[in-house]
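**Student:** Sequence unavailable; structure follows:
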């Protein structure tokens, strides 16, 4: 691994260097694990203790924290974003160079710069951009479009007709464009399938986590806008729209036709019901159920605090009787008001 | 895309046509997006507003709503089911015609009408029905049986010995027949695996969503009855039984040996614990935990309403102290009763 | 299938045989389904009723339960673990014998005893142990290490550089080593990717369920210790550590940098937030959110009891007003105290 000088980092990304510009940095590391050839960062004051004992060669931090740093440092406004840039520079993405592997099955014209791994399948009529990388075992249906510079890791499935923008990163096991869950119920209780004729349309710079599923639209499209980041095992129902630069943590479920604004964040395991709309800049806490629309930016929560099991048994059983508790309080209020009145009279 | 006349639709599916029978319909669409060559539907009175402004060529609706329709219409009893039939007719399923692809690995006798895509694997001793389609990258274990007309999309895994009925639709990434989670604990806390020797047995007309997993039985089988519809990312534990025509939304988890009745519905993200039994015609709301059996048809819910974060902090912390609130109410009731008594005496 | 004598079982695994040692046993079965050629077990007194009517050839049970058994029996201290051993003996794992299949793509040196199925991909520089089995459609990235005797079922994806110990069982669709969800936010709300340069390091005797995902570390590694058992559809975030012999049920989500002790159990659908630490021997109940660290062994719960929908509407709406209920109780207490005081004075 090559090394860079601290003054090269500052020349490239800005900030103020306090220390030895000739120091060589090989890799990024956490404050606890860093050695003299590592650069680390401090993004939150709660880790000040770790800063004081770090053995890092250098640390990226804010002006407020700079005086607490025992080693060379780069002072900047957004330490974590700065760190991300340095980490990207020190860790360039390794590109696949398999070309069009003979053990791939390819039924479309592809640019020579695209890399299609062994065991991948590309159907007819696909539009594959320059430098697209398709991993082993991926299955790309008929007429799919994938923008330049996108990378699909192993075993991704993309159904016919879907559109993926530029510079996408799609992790293994993701499924793009399976049928939405649409059925009409017959009077005997059985179900008639509604053909799902919409597509999934994904913007530029989207990352999609492992085993995440995004269903195609029923009639119109399911839309993921530019810069959206989806973690692993997220389920996105048909006709959902996710606004630009929203980020959703693992195991989130979004039911059909929900609409999520721009720059929203959704915590792990949250569930958003169908036809719900979230405004821009809404933050949903982990494990929260969103059962009605939210029109104001802000943070919304329904997380349940846990207890030791005996405490839970004693306390949570009352949940079934809250209305009766409220009734008792109302009755007490009436009685006490009457007693107070009598008292005042006497 | 071919077009059909409105009077052809009514001749095929019934209902009463009010309007121009010679009108040509090309495709289905939503009320908002439909143009003159589209047919749409109204299934719920809350969309009456959209009906009034639709530009659709025709709309399928109920007798009650018919007079509000500004365009040609088909009046029928079950507009959504009628719409499903029309949509299916206008969007016939496109069938794979890859035959037995040379890049598939096939160790069983197959009917000529079966289509096995590139990169698929079919083990020894499988029974594959007529016109079965197996997508790219599917892995079908030894001795699996798949009924006629079933379709497995790309990258489905079916373990040895499982049975899938006729006309199944199984979406990408689904895993049928992995080992159930069965271990005996040793006294030192380590785990001994219980061999999972049951199968998964799936009836006819079942649809299974992307990345859904159905575990094989421990000793007996896991059973999915006819007409069951499973959305994406559902987990079905070993020895579960799901009754005919039940429909489960995305991200539902069903623990081992649970039994779900016929025609049940389960909302997204619900969790059903092990050995629970649900009667027929039970509806479980989204994100609800079912920790005891339900013997009566009906709708059951444990969804938690969310609050803005400050409101949540203020209110939900009391959950840890409900028992003490109840105690205080009881004490107040005793005191107030005593005071009232004294008051009456004085 | 071969048969064994009851006295052979006892000679091999210990325990006391009460009955006919020459009885032939072919397979394990449940108490309800067992016939004379089956051996069953009783591990919990609640199934005593089933014991009394069983037609099993023999039953494995504890001394306390032995006198209730109408058939031949093996008496031992840990009936379920004993049963597991017998079941394993009667059901030896069938090993793949595909060798290095010509339809696999293999870029590393492999031992002759390893079995690589059709459609599998093994990248450069991998270290594959003796008797490792890699199923159809698996994708093993560059430089991966897999210990002797491990089995990867079909369509497993392992990213570059990850380490899997000996005797692992990894089920279909599992994804090991995808990028963790790490982004720095820019001031305009867009996201900068933090390269994820850690690995996933998995100990010996680990089982990983279907479609479970384990992310690689951001800077340090994600670590799964020896003997851990993960059910299906579990999400393990970057830099998580799971202690030896912990067992997690299906659909659990663990956010980044959480640390789970040894011999813990986590129920289905539970969510553990980032940077949380659980002590050894902690049991988390199903569907429980763990939002703060737990330092004491024990069982912890936040499960919400369900109600019929009308009862839910009536009771759960009060959750938004618990603080106001508590205020009312406080006000009542003050008023009643004042009234009592006045009463005493008069």
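**Tutor:** Nice, I can see it. Please read all numbers here as calculations on a predicted model, not as lab measurements. Residues are numbered from 1 along each chain as shown, chains lettered A, B, ... in the order given.
**Student:** show me what contacts residue A:290?
**Tutor:** Residue A:290 makes contact with A:270, A:271, A:272, A:273, A:276, A:278, A:284, A:300, B:306, according to Cβ atoms under 8 Å, 6 or more residues apart in numbering or on different chains. Any C-beta I mention is one placed from the backbone N, CA and C, and that applies to glycine too.
**Student:** and the fifth one, how many neighbours?
**Tutor:** One way to gauge burial is a neighbour count; for residue A:276, by other Cβ atoms under 10 Å in any protein chain shown, it gives 18.
**Student:** Tell me the secondary structure at the residue nearest to residue A:18 when sequence neighbours are not counted.
**Tutor:** Leaving aside its sequence neighbours, residue A:18 sits nearest to residue A:73 (Cβ to Cβ, 6 or more residues apart in numbering or on different chains; 5.1 Å). Following DSSP: H, G, I helix; E, B strand; the rest coil, residue A:73 is assigned to strand.
**Student:** Residue ranges in chain A under the pLDDT threshold?
**Tutor:** By pLDDT under 70, the weakly predicted segments of chain A are A:1.
**Student:** show me where it has helices.
**Tutor:** For chain A, the helices defined by DSSP state H cover A:6-13, A:48-52, A:63-66, A:79-90, A:309-316, A:322-345.
**Student:** Residues of the stretch 101-250 of chain A that sit close to chain B?
**Tutor:** Within the stretch 101-250 of chain A, the positions near chain B by Cβ under 8 Å from any Cβ of the partner chain are A:103, A:105, A:119-121, A:137, A:139, A:141, A:155, A:157, A:159, A:173, A:175, A:178-179, A:181, A:183-195, A:197, A:211, A:213, A:215, A:219-220, A:233, A:235, A:237.
**Student:** Can you list which of the residues you listed are found in strands?
**Tutor:** A:105, A:121, A:139, A:157, A:175, A:178, A:183-185, A:191-193, A:213, A:215, A:235 (DSSP state E).
**Student:** Farthest-apart pair in those, please.
**Tutor:** Greatest spatial distance among those (Cβ to Cβ): A:105 and A:185, at 39.6 Å.
**Student:** partner residues bridging the closest residue to residue A:229 other than its chain neighbours?
**Tutor:** Nearest residue to residue A:229, sequence neighbours excluded (Cβ to Cβ, 6+ apart): residue A:247, at 4.3 Å. When bridges are called by DSSP bridges, residue A:247 pairs up with residue A:229, residue A:265.
**Student:** so how far is residue A:47 from residue A:247?
**Tutor:** 22 Å (Cβ to Cβ, to the nearest Å).
**Student:** If you count surrounding residues, which of the two has more?
**Tutor:** residue A:247 (22 against 18).
**Student:** I'd say the more buried one and residue A:224 touch.
**Tutor:** No - in this structure residue A:247 lies outside contact range of residue A:224 using Cβ atoms under 8 Å: 11.9 Å.
**Student:** So for these two, which residues contact both of them?
**Tutor:** residue A:230.
**Student:** Show me chain A divided up by domain.
**Tutor:** Listed by automatic domain parsing, the domain ranges of chain A are A:4-90, A:309-345.
**Student:** could you measure residue A:209 against residue B:272, distance?
**Tutor:** From residue A:209 over to residue B:272 (counting by Cβ to Cβ), the distance is 26 Å.
**Student:** repeat for residue A:230
**Tutor:** Residue A:230 is 26 Å from residue B:272, by Cβ to Cβ.
**Student:** do the same with residue A:172
**Tutor:** Counting by Cβ to Cβ, the gap from residue A:172 to residue B:272 is 29 Å.
**Student:** Which one of the two is surrounded by more residues?
**Tutor:** residue A:172 (32 against 29).
**Student:** correct me, but the more buried one touches residue C:178?
**Tutor:** Yes - the pair residue A:172 / residue C:178 is scored as a contact, 5.9 Å apart, by Cβ under 8 Å.
**Student:** Find the nearest non-adjacent residue to residue A:112, please.
**Tutor:** Per Cβ to Cβ, 6+ apart, closest to residue A:112 is residue A:99, 7.8 Å.
**Student:** Ok, residue A:335 next?
**Tutor:** residue B:336 (5.1 Å).
**Student:** Now for the one you found: which residues touch it?
**Tutor:** Counting by Cβ under 8 Å, 6+ apart, residue B:336 touches A:332, A:335, A:336, A:339, C:336.
**Student:** Quick one: these as CSV, columns for distance to residue B:87 too.
**Tutor:** Converted to CSV, those look like this (distance: Cβ to Cβ, whole Å):
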residue, distance to residue B:87
A:332, 59
A:335, 62
A:336, 63
A:339, 68
C:336, 66
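**Student:** quick check, nearest of the residues you listed to residue B:95?
**Tutor:** Among the contacts of residue B:336, and counting by Cβ to Cβ, the member closest to residue B:95 is residue A:332, at 70.4 Å.
**Student:** just to revisit the earlier point, most tightly packed of the helices of chain A?
**Tutor:** Each of these was scored by mean neighbour count; the highest is helix A:79-90, a mean of 21, by mean count of other Cβ atoms under 10 Å in any protein chain shown.
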